[in-house]
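1. Sequence and computational prediction follow.
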Amino acid sequence: QVQLVESGGGLVQAGGSLRLSCAASGRTFSIYAMGWFRQAPGKEREFVAAINRSGASTYYADSVKGRFSISRDNAKNTVDLQMNSLKPEDTADYYCAAAPFVMGPKLVNRDEYAYWGQGTQVTVSS
């Protein structure tokens with residue numbers, strides 16, 4: 001089992017940047033693929049980005065490609081989401097999630113994730 005804690009959310013103007021971080025407990029972090037999802041008010045939780053266990057493969061939603069970058073440090077049990085060129089439509093609660101023994105394009109599916117953090121709020125003003 002793994003516990004996840006997000007940090008780094010906040011208020012930023014359009015065009016600005018934020019870096020979200022997710023810290024994982026436990027000594028088996030490297031067995032989990034990791035993902036970031038977001039949920040805006042009144043909308044379903046949607047996929048943002050994912051990274052495989054080694055960090056060699058990454059996946060992005062079309063809406064964030066070229067602006068967001070996901071990375072992980074297995075020695076520190078962390079996964080980060082660098083968000084650049086933020087837009088008001090990026091406003092949402094952002095969640096970190098862990099998927100044990102899942103690989104490839106399945107990582108865009110939230111049902112593949114077994115563990116979730118509590119979320120961190122990101123607000124982008126216009």
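-> Yes, it's here.
2. Quick check: pLDDT value at Phe29.
-> The model reports Phe29 with a pLDDT of 86.
3. Pop out the phi and psi values for it.
-> Main-chain dihedrals, Phe29, degrees, to the nearest 10: phi -60, psi -40.
4. neighbours around it, how many?
-> 22 (other CB atoms under 10 Å). Just so you know, the C-beta spots here come from the backbone N, C-alpha and C atoms, and that holds for glycine as well.
5. Then Val48?
-> Residues contacting Val48 under the criterion other CB under 10 Å number 24.
6. for whichever strand or helix holds it, packing partners?
-> Using DSSP states H and E, Val48 sits in strand 46-51. On a contact count with 3 or more CB pairs under 8 Å, 6 or more residues apart in numbering; DSSP states H and E, strand 46-51 meets strand 32-39, strand 58-60, strand 68-73, strand 78-83.
7. In CSV: these, plus distance to Ala49.
-> Below are the helices and strands packed on strand 46-51 laid out as CSV (distance: least, CB to CB, whole Å):
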stretch, distance to Ala49
strand 32-39, 5
strand 58-60, 5
strand 68-73, 4
strand 78-83, 6
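8. what's the most buried one of those strands?
-> strand 32-39 (a mean of 25; mean count of other CB atoms under 10 Å).
9. Now the residue nearest the centre of the chain. Nearest residue, chain neighbours left out?
-> In the chain, the C-alpha nearest the mean C-alpha coordinate belongs to Trp36, at 2.0 Å (CA atoms, centre = their mean). In this structure, Trp36 finds its nearest non-sequential neighbour in Val48, 4.4 Å apart by CB to CB, 6 or more residues apart in numbering.
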